[in-house]
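Engineer: below are the sequence and a predicted model; questions follow.
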Amino acid sequence: MYSQETEDVFVLLLEISNEDDPADPIRVALDSSNLYSKLTVDGTNTHSAAVTFAGGFFRIELPEEAGDNISSVRMSIDNVDRAIVTAIRNANEPPEVNMWIVLRSTPDVVEAGPYFLVLESATYDATTVTGELAFEDVTNRRFPKHEFTPHFTPSLF
């Protein structure tokens, strides 16, 4: 990573999945060629068989690391396939976006991630799809999830 020169390249992988159609996610690699990966995180494969991440261009603008607020991430991807816009239009729930960083030489081993985001809003035209991604807001989650009522904890009553 700190070498002055290297032949290895970091590749950012995106998987955009829709809760309405989880069997057919959109997978893109920030690379000039397709990448096949099982995405192994801590010895566990994310996918049972290698899946294809289509090589292409997209842009990710990461948030600042300042303050206590949860910032959003901007993403833009070339609108080369109508499946992207169709998936956004047909989504009843906000699509989930997962990100991983791998090395091109070892695409199965995840170097950073996974990062779980949600597509909050999207705009598109003939050439580009742009979206606002947000991390899940865990700071405003209710804790504990359930109340101690006779329904959830009958042994207490």
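Structural biologist: Sure thing, it's come through.
Engineer: residue closest to the middle of the chain?
Structural biologist: Geometric centre of the chain, nearest residue: Asn98, 1.6 Å, by C-alpha atoms, centre = their mean.
Engineer: my guess is that one meets Arg27, correct?
Structural biologist: No: taking contacts as C-beta atoms under 8 Å, Asn98 lies outside contact range of Arg27: 9.5 Å. Bear in mind the C-beta positions are built from the backbone N, C-alpha and C, glycine included.
Engineer: can you list residues touching both of the two?
Structural biologist: Residues touching both Asn98 and Arg27 by C-beta atoms under 8 Å, 6 or more residues apart in numbering: 14-15.
Engineer: SS state for Ile77?
Structural biologist: Secondary structure assignment for Ile77 (DSSP: H, G, I helix; E, B strand; the rest coil): strand.
Engineer: could you point out the longest strand of this protein?
Structural biologist: Ranked by residue count, the top strand of the chain under DSSP state E comes out as strand 110-124.
Engineer: sketch out the low-pLDDT regions of this protein for me.
Structural biologist: Counting by pLDDT under 70, the chain shows low-confidence ranges at 1, 20-23, 65-71, 136-139.
Engineer: mind checking how far Asn34 is from Asp8?
Structural biologist: Distance from Asn34 to Asp8, counting by C-beta to C-beta, to the nearest Å: 18 Å.
Engineer: who does the longest strand of the chain touch, helix- and strand-wise?
Structural biologist: strand 40-41, helix 82-90, strand 96-103, strand 128-135 (3 or more C-beta pairs under 8 Å, 6 or more residues apart in numbering; DSSP states H and E).
Engineer: what strands flank it, and is each parallel or antiparallel?
Structural biologist: Here strand 110-124 is paired, per DSSP bridges, with strand 96-103 (antiparallel), strand 128-135 (antiparallel).
Engineer: any idea of the angle it forms with helix 82-90?
Structural biologist: Angle, strand 110-124 to helix 82-90, by axes from the mean of the first three to the mean of the last three C-alpha atoms, to 10 degrees: 70 degrees.
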